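Participant: sequence unknown, structure follows:
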Ligand SMILES: CCCCCCC[C@@H](O)CC(=O)SCCNC(=O)CCNC(=O)[C@H](O)C(C)(C)COP(=O)(O)OP(=O)(O)OC[C@H]1O[C@@H](n2cnc3c(N)ncnc32)[C@H](O)[C@@H]1OP(=O)(O)O
């Protein structure tokens, strides 16, 4: 057995020590060498009458064990007099157990101010008077142990105990502040919430009678003894103890939710109420208020994407959105038209994307894989809904920056699709920031069909607090003439046509919207240009069999205007890999950079 915990040479004051819990504390300390001031006014649980008998009896018990003790009969509301008793008898104070208490239970609507005041006076003011008197002594000697006696009523409230629970929770706050102020002087202050069949508890009838025998007051004292020991360094703790049960309480804060301060309203709070009040594994426990603020300020300091305030990356990074869409052959044909297929009436090679009567031969352009998720994403954005929980991307400030699309198998002529969307990453780009959404798509039976990564670029809005990861530069283009070049002029109404595929961003059709965002006029959807380039590669390197198209990667390097001629210069890097660059011919601007396409050797099953 480890060394016995003793209090030799220590002076302890225990208030309300004539009976119940206080008596048990006093006896334990006295038995282990402490010089004990046994304070008791000798009142009933209601605080009526006075008598010296109770305190005297406990003093006698301690002396009978060979210990040292004196009685004190003052009310705790004159706490300094109790401390004076200690000083007169033993010259100092090392331990203070604020235990004395009375009840004035009644439901609040019947409670008088007198009943209120009396309870505050005895519990809170009493603890204050004693603590205030011992504090300079403990500070001077650089040692002190203080225990406050709170109650479950103070933590949770209790019917008929508004006065008592206020006082008891007040003691918890009192102890917590004392713990902070006393830390440097080795003064440890803790609070207990006892579960014991004390006189007061029996009188209040809180616990069923059959439990009284199990909830002995003596069972609380050992924890108090430990908290008062020199060895115990815990401070500012709240402990529940009784019937052999020992536990500690702590505060828990839900992970919560930052709401945009520029759109705060009671309605916004209502919309987010579930998240604000949800306790899940992201809930946080702080040892003190400082830790709580620190965590909050760190979250406030970081994680702005595109100028958004307090984007909740923690939440967004784990959020998953599942979406369902479907398309028909007509949708696929419209898409093909919108990315410039079959413009030349004499070129029969692309009719299979347009003509629904082609039956078995009908093909869906693989780049259409970007569409369904785009539609759902844009629908949510235009309805003012966050992309993903915790992630409200500043859509109006965003440009499509990069796109990666990978096919696992050819797109069927029509399909019902299931998409799972996540935030892959969000990065700081110096003066700008980017977010990357990853979307996995299966058919309605769960068979994987394709994968997309949509990178959005937020100009002029640094990603405060986000990782700064430099982009991987695109490999230089071969130092030889391209193996293939295809140039096609887009139509002046190309964006209007492409928009019908469900890419509803007003930036591409609404001059006012575009000008408000700082552009001269609406410009073409990045994914429309992407669709053109994809077709060009299929034409040039896949024997016009779109099923061989495995994946495509591009960076949108400059804006395309409807009417621009898109020229794609392509190089075969290996039998299964093509690299390309697309230029807006009339303005001589490279609009797609770092382009690459991988090709299946054979049509996947
Ligand atoms: C589910 C998802 C749904 C998707 C919804 C789709 C909605 C659509 O309707 C939206 C659109 O189609 S918008 C139209 C298509 N996009 C464009 O036209 C953008 C054209 N690009 C530009 O203007 C500039 O490249 C520009 C402005 C993007 C960047 O130019 P600069 O600010 O001059 O940047 P720069 O100084 O060159 O580089 C800074 C850092 O950023 C990286 N970077 C540059 N261009 C990028 C781009 N396009 N994408 C990603 N990152 C890019 C640079 O590499 C650099 O980073 P680092 O220092 O790490 O290398």
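Facilitator: All right, it came through fine. Everything numeric here is computed off the predicted structure, so don't read it as measured data.
Participant: and the residue of the stretch 501-605 of the chain that's closest to the ligand?
Facilitator: Nearest residue of the stretch 501-605 of the chain to the ligand: residue 526, at 2.6 Å (CB to the nearest ligand atom). The way it works is simple: take the backbone N, C-alpha and C, and place the C-beta from them, glycine included.
Participant: quick check: that residue vs residue 101, distance?
Facilitator: For residue 526, the distance to residue 101 (CB to CB, to the nearest Å) stands at 72 Å.
Participant: so which residue is dead centre in the chain?
Facilitator: Nearest to the centroid of the C-alpha atoms of the chain, with distances taken as CA atoms, centre = their mean, sits residue 255, at 3.4 Å.
Participant: does that residue count as helix, strand or coil?
Facilitator: coil (DSSP: H, G, I helix; E, B strand; the rest coil).
Participant: the chain should start at 12 in everything you say after this.
Facilitator: All set: I'll call the first residue 12, so the last point we hit is now residue 266.
Participant: state the helix or strand in which the closest residue to it other than its chain neighbours lies.
Facilitator: Sequence neighbours aside, residue 293 is the residue nearest to residue 266 in space, at 3.7 Å (criterion: CB to CB, 6 or more residues apart in numbering). Assigned by DSSP states H and E, residue 293 falls within no helix or strand.
Participant: following the longest strand belonging to the chain, which helix or strand comes up?
Facilitator: As assigned by DSSP state E, the longest strand anywhere in the chain is strand 426-440. Using DSSP H and E, the helix or strand that follows strand 426-440 in sequence is strand 443-454.
Participant: still on that earlier bit, show me which positions of the longest strand of the chain end up buried.
Facilitator: Under the neighbour-count criterion of 16 or more other CB atoms under 10 Å, strand 426-440 has 426, 428, 429, 430, 432, 433, 434, 436, 437, 438, 439, 440 buried.
Participant: is any part of that strand close to the ligand?
Facilitator: Yes. Counting by CB under 6 Å from any ligand atom, the ligand is contacted by strand 426-440 at residue 440.
Participant: what about residue 156, neighbour count?
Facilitator: 26 (other CB atoms under 10 Å).
Participant: return the backbone torsion pair for it.
Facilitator: phi -130, psi 120 (degrees, to the nearest 10).
Participant: try residue 23
Facilitator: Dihedral angles (degrees, to the nearest 10) for residue 23: phi -120, psi 140.
Participant: partner residues bridging the closest residue to it other than its chain neighbours?
Facilitator: Excluding the flanking residues, the one nearest residue 23 by CB to CB, 6+ apart is residue 106, at 3.7 Å. Judged by DSSP bridges, the bridge partners of residue 106 are residue 23, residue 156.
Participant: same check on residue 409?
Facilitator: Bridge pairing for residue 409 - DSSP bridges - gives residue 469.
Participant: so where does residue 202 fall, helix or strand?
Facilitator: Residue 202 belongs to strand 198-205 when assigned by DSSP H and E.
Participant: which strands and helices sit next to that strand?
Facilitator: Counting contacts by 3 or more CB pairs under 8 Å, 6 or more residues apart in numbering; DSSP states H and E, strand 198-205 packs against helix 137-152, strand 155-160, helix 163-167, helix 173-193, helix 232-238, strand 249-253.
Participant: same thing but at 6 Å, please
Facilitator: strand 155-160, helix 173-193, strand 249-253 (3 or more CB pairs under 6 Å, 6 or more residues apart in numbering; DSSP states H and E).
Participant: mind checking how far it is from the chain centre?
Facilitator: In this view, strand 198-205 has its centroid 31 Å away from the chain centroid, taken as CA atoms, centre = their mean, to the nearest Å.
Participant: got the angle for it vs strand 249-253?
Facilitator: 40 degrees (axes from the mean of the first three to the mean of the last three CA atoms, to 10 degrees).
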